[in-house]
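Peer 1: Make a model of this:
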Amino acid sequence: MLIISSLFLINLVSAASIPIYVKPLSGDGSLNPNTAYIYTFNWTTDSSCNNVVFSNSSLTITTGNDGIGFINLTIPDSLSSIPSYICEYRNGELRKVHTLSSQFFDRVYVQSINATGNITADTGFFSYLGSLISRITKLFVTDIDASGNVDVGGDLNVTGTSYFTDTNFNGGWMDDGLSIINGDIYAQTGYFYNITSLNVTEQNLTVVDDLIVYGNTELKQNLTVDTNTLFVDLKTNMVGIGKSSPSQQPDVLGAIQWSDKTGSNESGTIK
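Peer 2: Okay, here's the model as predicted:
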């Protein structure tokens, strides 16, 4: 509870009302249980109670057995200005002027906010929402549904499973970035480090341009270069040159040329 004074308590700010607890005392300081009082609360911008923004007037508050009374004060949906004081009147007499915190009307305590359109404000909580978000260091949520863009200026660390539709990273693959389109990965240049294995099980691995391998290469299936220019059958251990179905080691179809240690070239045809 936010204590305004020992006789006047404000519990919680809600969207429509404020619970008020009053504890009227007698002249000797004793409580007055089961007693009815007429209260008026003027919300003002000045301590002289002249500039009234809105008023909760002629409210009957009856104390309980403990001498404390309770009522909900209604706050209008729109205010012409922000009150700084509450002028408390009891049975027609000004009892006390209570000072409100400067942030009293700048804070909203709600469980949820449902909006079908935009939320805008010139002053108050939502006017500072942009700068507030920029200072958030951690955001704990269960789901994020975004119909527009989500811009991440720093690192994005995902410990669980991530599901992406078409996604562009660093501007997309046409701008030296990376794109995921219909499940395919597009990039102009890719560098892969410390990969112990690369398994391509359901589709072919197609390299449109040069493939440069630094290190040993071991193939577990047949090797084909331009259909029948070079074919290695790993099941029969046969190598075909000029043919794709070798029956010998090697199996050459067409003319060949070779040179000896002196550098002289010889040519011929193997039939």
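
Peer 1: Poorly predicted segments of the stretch 51-200 of the chain, please.
Peer 2: Across the stretch 51-200 of the chain, the ranges flagged by pLDDT under 70 are 101-141, 200.

Peer 1: where exactly do the helices run in it?
Peer 2: Per DSSP state H, counting those that start in this stretch, the stretch 51-200 of the chain carries helices over the ranges 129-134.

Peer 1: Show me where it has its strands.
Peer 2: Secondary structure of the stretch 51-200 of the chain by DSSP state E, counting those that start in this stretch: the strands cover 52-62, 69-74, 85-90, 93-99, 167-169, 178-181, 184-187.

Peer 1: okay, those strands, which one's buried deepest?
Peer 2: strand 85-90 (a mean of 20; mean count of other Cβ atoms under 10 Å). The way it works is simple: take the backbone N, C-alpha and C, and place the C-beta from them, glycine included.

Peer 1: Run through the neighbouring helices and strands of that strand.
Peer 2: With contacts defined as 3 or more Cβ pairs under 8 Å, 6 or more residues apart in numbering; DSSP states H and E, strand 85-90 has these neighbours: strand 36-44, strand 93-99.

Peer 1: and it with strand 52-62, angle?
Peer 2: 30 degrees (axes from the mean of the first three to the mean of the last three Cα atoms, to 10 degrees).

Peer 1: List the neighbouring strands of strand 85-90 plus their orientation.
Peer 2: strand 36-44 (antiparallel), strand 93-99 (antiparallel) (DSSP bridges).

Peer 1: How about residues contacting it?
Peer 2: The contact list for strand 85-90 (Cβ atoms under 8 Å, 6 or more residues apart in numbering) reads 4, 8, 24, 37-47, 49, 94-100.

Peer 1: Quick check on those residues: which are buried?
Peer 2: By neighbour count, with 16 or more other Cβ atoms under 10 Å, the contacts of strand 85-90 hold 4, 8, 24, 37, 39-45, 49, 95, 98, 100 as buried.

Peer 1: In a markdown table: the strands of the stretch 51-200 of the chain, plus distance to residue 255.
Peer 2: Listed next are the strands of the stretch 51-200 of the chain as a markdown table, based on distance: least, Cβ to Cβ, whole Å:
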| stretch | distance to residue 255 |
| --- | --- |
| strand 52-62 | 103 |
| strand 69-74 | 102 |
| strand 85-90 | 106 |
| strand 93-99 | 105 |
| strand 167-169 | 51 |
| strand 178-181 | 47 |
| strand 184-187 | 42 |
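
Peer 1: Minimum distance to residue 83: which of the strands paired with strand 85-90 has it?
Peer 2: In terms of Cβ to Cβ, the element of the strands paired with strand 85-90 nearest to residue 83 is strand 36-44, at 3.8 Å.

Peer 1: and that closest one, C-alpha only, in CSV?
Peer 2: C-alpha atoms of strand 36-44 as CSV (Å, rounded to 0.1, in the frame of the first residue of the first chain):
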residue,chain,number,x,y,z
ALA,A,36,-21.0,6.8,8.8
TYR,A,37,-19.2,9.9,7.4
ILE,A,38,-19.7,11.9,4.2
TYR,A,39,-16.5,12.3,2.2
THR,A,40,-15.5,14.4,-0.8
PHE,A,41,-12.2,13.9,-2.6
ASN,A,42,-11.2,16.8,-4.9
TRP,A,43,-8.2,16.0,-7.2
THR,A,44,-6.5,19.3,-7.8
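
Peer 1: Tell me how far the most centrally placed residue in the chain lies from residue 153.
Peer 2: Centroid-nearest residue in the chain, with Cα atoms, centre = their mean: residue 144, separated by 5.9 Å. Residue 144 sits 16 Å away from residue 153, taking Cβ to Cβ, to the nearest Å as the criterion.

Peer 1: In JSON lines, list the helices and strands packed on strand 85-90 along with distance to residue 238.
Peer 2: Listed next are those as JSON lines, based on distance: least, Cβ to Cβ, whole Å:
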{"stretch": "strand 36-44", "distance to residue 238": "96"}
{"stretch": "strand 93-99", "distance to residue 238": "97"}
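
Peer 1: Residue 235: which of those strands is closest?
Peer 2: strand 36-44 (90.4 Å).
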